[in-house]
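S.K.: heads up, no residue letters with this:
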């Protein structure tokens, strides 16, 4: 047998003639059977199993002291207005699916690489990010609009009043609660509204691909092709040049000065080259050069008081372009990592844990700075398989 306890019986209130009747006579009989007696009522397990959903909902409402004031639809079920509302919701979900498809097409096939075009010159790549934002944002907006229209026009609007009570819920209340939730789900109408269900599944399913496409997109291009993650554009005997392409001699820099330099080859200043080859050429003060301590295997990487380090922070890839010439510290403005040039750009503060890669330099026969070879390690932040850099 299944029983349940009730709180003290509240004071009787005058019946409300305007209160809607949403259950059958059988429902009222069950509710009366459950709540009429002051003593602990009992309902057989067999009776519980044979109760209809409406019976359980009505019993559960009364057990919890819930009074359903009203429960109706904004539009008449089966009316032309309801059909128009259903088509409007389905249209929102269908358009959302189209926007998601457009996002996926743009993400995969739209030209996104920037070129060395003149400033303010319009290219297709300049529209890549705005188009992604427009299509993804549009799909979210349409899904939200469809849900709002669905809730407003096609779901039942219920006003209920519930008294507070304490105590654990017995089995009959748990069954009644489950039936109430099921009735609410049926009120949503997703099972009988085929057009809305299919359009929502299409929009939701395609939107799920948006979460997967960045992961899958990273697998489309082989990261190990040409070992692009491990090497930069620097090669043996390449000159160190400024952004305007002019080479640099030792006499061009004062002690404590810093120059941002790039590989001095044709096409070196393209975005692909600048992205990972940007280098800082620093002239140390004499006292800093005297106490300079190189990393193992890099004793000949400097030239007198000149050193060259990657400008990409080893923490998260920000440009480490701030330099305190008196203290000999290179600072990253993003997360405040600091690197000491007298210790071969070793991190001494902040989240960075690896030294900045050092570029080996010397002079060519004309007295200009050149690179001995590329960095001996991958530049920038850590990544998977970083240590497998080929020789």
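M.R.: That came through, no problem. As the structure is a computational prediction, the values presented were derived from the model and not from experiment.
S.K.: pLDDT below threshold where in the chain?
M.R.: Residue ranges of the chain with pLDDT under 70: 1-43, 114-121, 164-169, 217-223, 266-273, 391.
S.K.: quick one: the strands in it?
M.R.: 2-3, 42-43, 66-72, 157-162, 240-241, 258-263, 279-283, 306-310, 322-324, 329-331, 338-340, 346-349, 361-363, 369-371 (DSSP state E).
S.K.: which among these is found nearest to residue 225?
M.R.: strand 258-263 (20.7 Å; CB to CB). Where you see a C-beta, it was placed from the backbone N, CA and C, and this is true even at glycine.
S.K.: and that closest one, what does it pack against?
M.R.: With contacts taken as 3 or more CB pairs under 8 Å, 6 or more residues apart in numbering; DSSP states H and E, strand 258-263 sits against strand 240-241, helix 271-277, strand 279-283.
S.K.: returning to that earlier point: can I get the strands of the chain in CSV including mean neighbour count and distance to residue 126?
M.R.: Putting the strands of the chain into CSV (neighbours: other CB atoms under 10 Å; distance: least, CB to CB, whole Å) gives the following:
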stretch, mean neighbour count, distance to residue 126
strand 2-3, 12, 69
strand 42-43, 16, 71
strand 66-72, 14, 53
strand 157-162, 11, 48
strand 240-241, 22, 27
strand 258-263, 20, 23
strand 279-283, 23, 27
strand 306-310, 25, 28
strand 322-324, 14, 29
strand 329-331, 20, 31
strand 338-340, 21, 34
strand 346-349, 16, 36
strand 361-363, 16, 36
strand 369-371, 24, 33
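S.K.: reformat those as JSON lines; add distance to residue 143.
M.R.: JSON lines is the format used below for the strands of the chain (distance: least, CB to CB, whole Å):
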{"stretch": "strand 2-3", "distance to residue 143": "43"}
{"stretch": "strand 42-43", "distance to residue 143": "44"}
{"stretch": "strand 66-72", "distance to residue 143": "27"}
{"stretch": "strand 157-162", "distance to residue 143": "22"}
{"stretch": "strand 240-241", "distance to residue 143": "51"}
{"stretch": "strand 258-263", "distance to residue 143": "46"}
{"stretch": "strand 279-283", "distance to residue 143": "47"}
{"stretch": "strand 306-310", "distance to residue 143": "44"}
{"stretch": "strand 322-324", "distance to residue 143": "44"}
{"stretch": "strand 329-331", "distance to residue 143": "44"}
{"stretch": "strand 338-340", "distance to residue 143": "46"}
{"stretch": "strand 346-349", "distance to residue 143": "45"}
{"stretch": "strand 361-363", "distance to residue 143": "56"}
{"stretch": "strand 369-371", "distance to residue 143": "53"}
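S.K.: dump the residue contacts of the residue nearest to residue 95 when sequence neighbours are not counted.
M.R.: Nearest in space to residue 95, with sequence neighbours left out and distances taken as CB to CB, 6 or more residues apart in numbering, is residue 142 at 5.0 Å. For residue 142, the contact set (CB atoms under 8 Å, 6 or more residues apart in numbering) comprises 92, 93, 95, 96, 99, 203.
S.K.: hmm, residue 135 and the fifth one touching each other?
M.R.: Yes: between residue 99 and residue 135 a contact is recorded at 4.9 Å, counting by CB atoms under 8 Å.
S.K.: which neighbours do the two have in common?
M.R.: Counting by CB under 8 Å, 6+ apart, nothing touches both residue 99 and residue 135.
S.K.: residue 196 against residue 91, yeah?
M.R.: No: between residue 196 and residue 91 there is no contact under CB under 8 Å: 10.1 Å.
S.K.: tell me the buried residues in the top helix by length along the chain?
M.R.: With residue count as the measure and DSSP state H as the assignment, the chain has helix 80-109 as its longest helix. By 16 or more other CB atoms under 10 Å, the buried positions in helix 80-109 come out as 82, 85-86, 88-100, 102-104, 106-107.
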